[in-house]
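> Have a look at this fold, sequence not included:
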Ligand code: NAP
């Protein structure tokens, strides 16, 4: 059954195919942004500071340009202030750290994000470590990672945080479920596995974290009630790896050449959506699933940073 060929994603909204329901990240993110907009407007009326996000883009990588533009646009939509610092692709690590330190000490800035990946002359770890943990709205600084692992208040990395918000929005029961996370990156898979295993709601899953050296991935996936696919391999997760009634979250975004598109590419997730969707209870589409939720989560982190400081 080729769902995507028959129906557009808009048509999916709230539609149930047998048991399957789309987890609509676009609509959920919109609701979060509207709530934030109301809160920001209220702060403004009360003469309080509005959130201000500073984003740094080094070089002109096409995908990074798209992501940063979406983040700046989302800030505007929610009434946040935003500043975009553009730096040349041959910028030195010292120069970038200098800009970060100025933003660290600027009382008007609530959140700092440095768009990754960075050019090869710059060490990403040194850059993440240079950001003030209390302005680290991407949640990548070791202090925030440590706080998250210990269950303390922390900035949670935006993609896993966005997924948790999506599960919460759809009131997905996660307690006692077996979750398989495919991919162990510091920004998606590893924090996802920690959040799903937390003694919280959503959470309380029994989590299996898989990676490229996992030998029995298909077997593990077939046991999973929840699968989070975050490996960056288009349409990797096939129907024969998913049990009936599973909940599937597709984090992958890969640009695949497509001459029929004006851009010359289309976005593909890590899940073979057409064949996997009919087996699921819930599934996220690509685009319109985890991507918009990542941006909504970033805004929530920035808003929280603002109210904590002011
Ligand atoms: P990453 O740093 O490249 O990590 C990929 C992970 O997948 C690694 O842990 C790797 O294992 C594992 N892996 C690779 N091939 C595998 C296989 N055949 N079987 C099992 N595991 C395998 O990627 P990432 O930054 O986490 O991003 C993953 C995907 O999510 C990408 O498509 C990215 O564009 C997308 N993404 C989307 C959003 C969003 O907002 N929607 C945000 C961030 C990322 P090893 O550790 O053993 O190498």
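Done, it's in. This one's a predicted model, so the numbers in the text were calculated from it and none came from an experiment.
> Strands of the protein, residue ranges please.
With strands called from DSSP state E, the chain shows them at 16-17, 20-22, 52-58, 81-87, 111-114, 178-182, 206-210, 226-229, 246-250, 254-257, 265-268, 280-283.
> Run through the neighbouring helices and strands of the second one.
Put plainly, it is strand 20-22. For strand 20-22, the packing partners by 3 or more CB pairs under 8 Å, 6 or more residues apart in numbering; DSSP states H and E come out as strand 280-283. Glycine gets a C-beta too; all of them are placed from N, C-alpha and C.
> what pairs with the strand it packs on, and is each one parallel or antiparallel?
Strand 280-283 pairs in its sheet with strand 20-22 (parallel), strand 246-250 (parallel), by DSSP bridges.
> Please list the outside residues in contact with stretch 279-287.
Applying CB atoms under 8 Å, 6 or more residues apart in numbering, the contact partners of stretch 279-287 are 9, 12, 19-26, 166, 170, 172, 239, 242-250, 252-253, 267-269, 271, 273, 276-277, 290.
> Quick one, which of the residues you listed are buried?
9, 12, 20-26, 166, 172, 242, 246-250, 252-253, 267-269, 271, 273, 276-277, 290 (16 or more other CB atoms under 10 Å).
> Show me which positions of stretch 111-123 end up buried.
The neighbour-count check on stretch 111-123 (16+ other CB under 10 Å) flags 111-115, 118-119, 122 as buried.
> measure residue 244 to the ligand for me?
Per CB to the nearest ligand atom, to the nearest Å, residue 244 is found 23 Å from the ligand.
> what residues are up against that residue?
Contacts of residue 244 (CB under 8 Å, 6+ apart): residue 279.
> what's the spacing between stretch 129-139 and its chain's center?
Distance of stretch 129-139 from the chain centroid (CA atoms, centre = their mean, to the nearest Å) equals 17 Å.
> What parts of the stretch 101-250 of the chain come near the ligand?
Applying CB under 6 Å from any ligand atom, we find that the stretch 101-250 of the chain lies next to the ligand at 159, 182-185, 187-189, 210-214, 217, 230-233.
> show me where the stretch 51-200 of the chain has helices.
For the stretch 51-200 of the chain, applying DSSP state H, counting those that start in this stretch gives helices covering 62-77, 93-105, 124-130, 142-149, 158-169, 189-197.
> what does the fifth one contact?
This means helix 158-169. 23, 25, 28-29, 31-32, 137-139, 156, 174, 187-188, 191-192, 195, 201-203, 228, 230, 249, 251, 284, 289-290, 292-298, 300-301.
> Right, I'll leave it there.
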